[in-house]
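Asker: This is a predicted model, with the sequence first.
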Amino acid sequence: MLGKVLILSASAGAGHLRAAQAVERAMTEMNAVAEVRHIDVLQYTNKLFRTLYSKAYIELAIKAPGTLGWLYDKLDKPWENERRRLALDKLNARSLIKMLRDYQPDFVVCTHFLPAEIISWLKAKERLDAKQAIVVTDFDAHAMWLCHHYEQYFVALDETRVYLERLGIAPHKISTTGIPIDPVFSRPKDKREMRDKHHLQQDVLTILVSAGGFGVGPVGEILKAMMHLKNAVQIVAICGRNEELRLEVEKIAAALPKDAHLKVKPIGYTTEIDEYMAAADILLGKPGGLTTSEALAMGLVFIIINPIPGQEERNSDHLLEAGAAIRCNTLPVLSYKIDKLLGDKTRFAAMRDRALQMARPRAAFDIVEKLLELSRV
């Protein structure tokens, strides 16, 4: 059994938090830990630093995605600028460093790069005697994930494992597990039962439109672009915590003629996303690491809409290369692309099979199994 475990994430986007929660739940279900705490490390930083890391990220994603992509590429220089970055992080995370030294965990699991490099520094200075595991939450490993003192990296793809090996990380310290998602995604669900439960039509193709936990993205414009679909489709629009967006989608749904072949069901923030995915056939949205991993676990074909330059672009590349997705960059042709896909049943079935081949629904459990192995060394 693992002893005292700290799982450290950061609320810069929802994915890092969800990955941490997934690992925590897997530990609990496996009865693998004596004590576990999940902490958002930004709560242990000063207010300005916290704002830059969380709110600024979301603002850039909405208003200046090109800038976000430029920063992503500019900073993706392995082993460069790490001293300056660490100095800045140490200056702004003194409370986090104090908490780590006071708590003295046996194991630290990081689902964000900020705490990973601080713990690496503490280990190097022999100021923290804890084993560190780093869980990369996108399909590629950005340079900011790299540090020198750790016991294990967990990555999504073998390609990412090979990349880290080429950068000098020992092969036995890298595990290809997939990105950890909530254990509920590893449990089979009947599509018809889920459609009944959520009041969806049984024999109509179902598209899940996701705006993520924060409700970010042009969902209203996407729905309007799908008004030109020739195929009968029902759309479940997940609006997250964005109440304004949910009300906008409700108006769009109410304005549809009763005999329209397109039906729209708006959903606010939900903890039942696994059930909505089980009820769906297609996920339409942005390919964040966690959302993508959840969709693959449910065998959903992915339609990628304007991925944010940077990590979403790279996630998109992997999905397209595997044949599990199509991409639409201009909304006026969205209906055309969907109708074309639905008209080729062989291709659609093959894409679903490829999604399931990429899926790692038990990633969180596999990570915990490896941690247990490391605890015995």
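Answerer: Yep, it's here.
Asker: that's a strand at residue 206, yeah?
Answerer: Yes. Under DSSP: H, G, I helix; E, B strand; the rest coil, residue 206 sits within a strand.
Asker: how close does it sit to residue 345?
Answerer: Per CB to CB, to the nearest Å, residue 206 is found 16 Å from residue 345. In short, each C-beta sits where N, CA and C put it, glycine included.
Asker: do residue 156 as well
Answerer: Applying CB to CB to residue 156 and residue 345 gives a distance of 29 Å.
Asker: what about these two, which has more around it?
Answerer: Counted by other CB atoms under 10 Å, residue 156 and residue 345 do not tie: residue 156 has more neighbours, with 27 against 9.
Asker: Let me know whether that one touches residue 145 as I believe.
Answerer: No. With contact defined as CB atoms under 8 Å, residue 156 does not reach residue 145; the gap is 11.8 Å.
Asker: Touching both of those two, which residues are there?
Answerer: residue 136 (CB atoms under 8 Å, 6 or more residues apart in numbering).
Asker: Now do the strands in the stretch 201-350 of the chain.
Answerer: Counting by DSSP state E, counting those that start in this stretch, the segments of the stretch 201-350 of the chain that form strands are 205-210, 233-238, 262-267, 282-285, 301-305, 325-328.
Asker: Spatially nearest residue to the spatially most central residue of the chain, not counting backbone neighbours?
Answerer: Residue closest to the mean C-alpha point of the chain, counted by CA atoms, centre = their mean, is residue 290 at 1.9 Å. The shortest distance from residue 290 to any non-neighbouring residue, by CB to CB, 6 or more residues apart in numbering, is to residue 15 (4.1 Å).
Asker: how many other residues sit next to the one you found?
Answerer: Using other CB under 10 Å: residue 15 sits among 23 other residues.
Asker: Quick one: name whatever helix or strand follows the worst-scoring helix or strand of the chain on mean pLDDT.
Answerer: Here the helix or strand of the chain ranked lowest by mean pLDDT, DSSP states H and E is helix 82-92, holding a mean of 71. Scanning forward in sequence from helix 82-92 by DSSP states H and E, the next helix or strand is helix 94-103.
Asker: what pLDDT, on average, does the next helix or strand after that next one get?
Answerer: Next along the chain after helix 94-103, taking DSSP H and E as the criterion, comes strand 107-110. Averaged across strand 107-110, pLDDT comes to 97.
Asker: Direction included, what does strand 107-110 pair against?
Answerer: Strand 107-110 sits in its sheet next to strand 2-9 (parallel), strand 131-135 (parallel), going by DSSP bridges.
Asker: Need phi/psi at the residue sitting furthest away from the middle of the chain.
Answerer: Here the centre of the chain is the reference, and by CA atoms, centre = their mean the most remote residue is residue 259, at 37.0 Å. Dihedral pair for residue 259: phi -90, psi 10, per degrees, to the nearest 10.
Asker: again, but for residue 112
Answerer: Backbone torsions of residue 112, given as degrees, to the nearest 10, read phi -150, psi 150.
Asker: domain parsing for the protein?
Answerer: As assigned by automatic domain parsing, the chain contains the domains 2-181+361-375, 188-358.
Asker: Measure how far the last one is from the centre of its chain, please.
Answerer: Meaning domain 188-358. 16 Å (CA atoms, centre = their mean, to the nearest Å).
Asker: what's the span of that domain, first residue to last?
Answerer: From its first residue to its last, domain 188-358 covers 17 Å (CA to CA, to the nearest Å).
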